[in-house]
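[1] following is a predicted model, sequence given first.
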Amino acid sequence: MRARRTPGISARLTGIVAALGIAVAASLTACSSDTPAPTAFDGPIGAVNLREVCPATVVVQSGWNPEAEFGFLYNLISAHPSIDAGRKATTGPLFAHGEYTGVNLEIRAGGPAIGFQPVMSRMYQDHDITLGFVDTEQAVFASATAPVTSVFAPMTKSPQMIMWDPQTYPGVKTIADLKAAKAKVLYFQGEAYMNYLVGAGVLDKSQTDSSYDGTPSYFVAANGKSAQQGFASTEPYVYEHQVQARNKPVAYQLIADAGFPTYKSTMAVRSGELAQSSACLKKLIPVLQRSVIDYLAAPDAANKVIVDSVAAYNTGWTYDADNARYAVRTMLADGIVGNGTTGALGGFDPARVGRILDVTEPIFTADGVALAPDLTPDRLATNEFIDPAIGLSSS
């Protein structure tokens, strides 16, 4: 079993800077060799016609392997999916509420499938990519070299969390309680949220350990004495049901509830192409909003495509139907998916985007990262394409 690896900003900031620089240069001189796969479908176009305004294949670059957080996308192609194990991509005709929209949707795996390359880098190397999954702090980080603007937030809260053994620490209810308990907290090097937690006094720097490698070995070997980062939608299930050396529940708190409210895995476009993409986005984003609702109500068909894709890709990531069902339950129970302060599913709170900018700007500047001058929340995210009438209470 391999736990989900989350490079976040990156394991090494200098590596990301180099990658982004290479990406921008490559985008100016080369065309993509990763051409979207054709998918034939001759059925009639329904109420939503994307063919008039969108690419023939809408390409989405995800930041990780297929999983339930991306289930709303797989829901759109679950009627006729085509899995390409070599390209680590799953494609199909895009259906909205059971009706063909006139275009295909291609969902490309990230993480190990692209050598853990930042999605922003990939987007600037390959202009076939229509939308990429980007966290708010990643957009801040890349604002000068690979600027992106988020147009849809499928998750209201980030599922990222810190977990601990409730038997070892029965009095720990929050991440802040780990400080008094003096528990070691394992995390990936370069994660901006950890800089925030230490800087805000939630944790002591001396108790943090940046040597986490994504496997359960350290947590298991510590026999409950160490806490560890992870995702509420995956690790609690895995450590209770799949890690045989553990097979016990964990307790956790979301990073968002500890004061770092980033938007995780937003769907973003290259900022310079926002205007030319607007006609497509005005029709496409409401389709995505509704698909989140449809997926949460009936996830099994999309989950089958997710599980089949994971098996075919064979990247070392394991994911089964029970894990996917657990993820859906957890995303609803923990408020990871919801309407947010805007009242619409997928919308952004400008004040919250500004909060992440205010928190991360000094962190990145201290690490020598050059950010875009006069960066403002509206350059990082927009509600322009969100249908305010579509929310979880909608039919």
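    Done, it's in. This is a predicted model, so every value here is computed, not measured.
[2] the stretch 1-150 of the chain: strands as residue ranges?
    Under the criterion DSSP state E, counting those that start in this stretch, strands of the stretch 1-150 of the chain are mapped to 57-61, 82-84, 89-96, 99-108, 129-134, 148-152.
[3] can you give me the helices for the stretch 1-150 of the chain?
    For the stretch 1-150 of the chain, applying DSSP state H, counting those that start in this stretch gives helices covering 13-29, 71-76, 119-125, 136-141.
[4] would you single out the least confident of these?
    Of all these, mean pLDDT reaches its minimum on helix 13-29 (a mean of 40).
[5] what's the domain layout of this protein?
    Structurally, the chain divides into domains by automatic domain parsing as follows: 13-155+263-380, 160-258.
[6] closest to Ile390 out of those?
    Nearest to Ile390, of all these, is domain 13-155+263-380, at 4.2 Å by CB to CB. All C-beta spots, glycine's among them, are computed from the backbone N, C-alpha and C.
[7] what's the local residue count around Gly340?
    By other CB atoms under 10 Å, the residues close to Gly340 number 20.
[8] could you do the one 3 residues further on as well?
    The tally of other residues near Gly343 (other CB under 10 Å) stands at 11.
[9] and Trp317, backbone torsions?
    phi -80, psi 130 (degrees, to the nearest 10).
[10] excluding covalently adjacent residues, which one is nearest to it?
    Nearest residue to Trp317 in three dimensions, chain neighbours excluded: Asn65, at 4.2 Å (CB to CB, 6 or more residues apart in numbering).
[11] tell me if I'm right that the one you found and Thr315 touch.
    Yes - using CB atoms under 8 Å, Asn65 is in contact with Thr315, at 6.0 Å.
[12] ok so, going back, reformat the strands of the stretch 1-150 of the chain as JSON lines; add mean neighbour count.
    Compiled in JSON lines, the strands of the stretch 1-150 of the chain are given as follows (neighbours: other CB atoms under 10 Å):
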{"stretch": "strand 57-61", "mean neighbour count": "23"}
{"stretch": "strand 82-84", "mean neighbour count": "16"}
{"stretch": "strand 89-96", "mean neighbour count": "23"}
{"stretch": "strand 99-108", "mean neighbour count": "23"}
{"stretch": "strand 129-134", "mean neighbour count": "26"}
{"stretch": "strand 148-152", "mean neighbour count": "25"}
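[13] so can I have a markdown table of these showing mean pLDDT and distance to Glu384?
    Output for the strands of the stretch 1-150 of the chain, formatted as a markdown table (pLDDT from 0 to 100; distance: least, CB to CB, whole Å):
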| stretch | mean pLDDT | distance to Glu384 |
| --- | --- | --- |
| strand 57-61 | 98 | 18 |
| strand 82-84 | 97 | 32 |
| strand 89-96 | 97 | 20 |
| strand 99-108 | 97 | 20 |
| strand 129-134 | 98 | 14 |
| strand 148-152 | 98 | 7 |
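[14] and the domains of the chain, which one averages the lowest pLDDT?
    Looking at the domains of the chain, the bottom one is domain 13-155+263-380 with a mean of 91.
[15] state the distance from the residue positioned nearest the centre of the chain to Phe231.
    Geometric centre of the chain, nearest residue: Ser265, 2.7 Å, by CA atoms, centre = their mean. According to CB to CB, to the nearest Å, Ser265 and Phe231 sit 11 Å apart.
[16] ok, now Leu76?
    Leu76 is 23 Å from Phe231, by CB to CB.
[17] picking that back up, which one's more surrounded, Asn65 and Thr315?
    Asn65 (24 against 16).
[18] picking that back up, now tabulate the strands of the stretch 1-150 of the chain in JSON lines and tack on distance to Asp367.
    JSON lines is the format used below for those (distance: least, CB to CB, whole Å):
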{"stretch": "strand 57-61", "distance to Asp367": "25"}
{"stretch": "strand 82-84", "distance to Asp367": "38"}
{"stretch": "strand 89-96", "distance to Asp367": "33"}
{"stretch": "strand 99-108", "distance to Asp367": "29"}
{"stretch": "strand 129-134", "distance to Asp367": "19"}
{"stretch": "strand 148-152", "distance to Asp367": "20"}
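[19] what residues are shared contacts of Asn65 and Thr315?
    Contact criterion CB atoms under 8 Å, 6 or more residues apart in numbering; residues bridging Asn65 and Thr315 by contacting each: Ala109, Gly111, Pro112, Ala113.
[20] export these to a markdown table and tack on neighbour count and distance to Gly214?
    Formatted as a markdown table, the shared contacts of Asn65 and Thr315 follow (neighbours: other CB atoms under 10 Å; distance: CB to CB, whole Å):
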| residue | neighbour count | distance to Gly214 |
| --- | --- | --- |
| Ala109 | 24 | 16 |
| Gly111 | 22 | 10 |
| Pro112 | 16 | 10 |
| Ala113 | 20 | 15 |
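[21] tell me the contacts of the residue nearest to Trp317?
    Here Asn65 is in contact with Ala109, Gly110, Gly111, Pro112, Ala113, Val310, Tyr313, Thr315, Trp317, Tyr319 (CB under 8 Å, 6+ apart).
[22] now it: phi and psi?
    Dihedral angles (degrees, to the nearest 10) for Asn65: phi -70, psi 160.
[23] ditto for Asn247
    The phi/psi pair for Asn247 (degrees, to the nearest 10) reads phi 50, psi 40.
[24] I'd assumed Glu240 was in contact with it.
    Yes - using CB under 8 Å, Asn247 is in contact with Glu240, at 6.4 Å.
[25] give me the more crowded residue out of these two.
    Glu240 (14 against 10).
[26] so where does the more buried one fall, helix or strand?
    Per DSSP states H and E: Glu240 is located in helix 235-241.
[27] and the gap between Phe152 and Thr145?
    As judged by CB to CB, Phe152 and Thr145 stand 23 Å apart.
[28] can you check Thr90 too?
    With distances taken as CB to CB, Thr90 is found 30 Å from Thr145.
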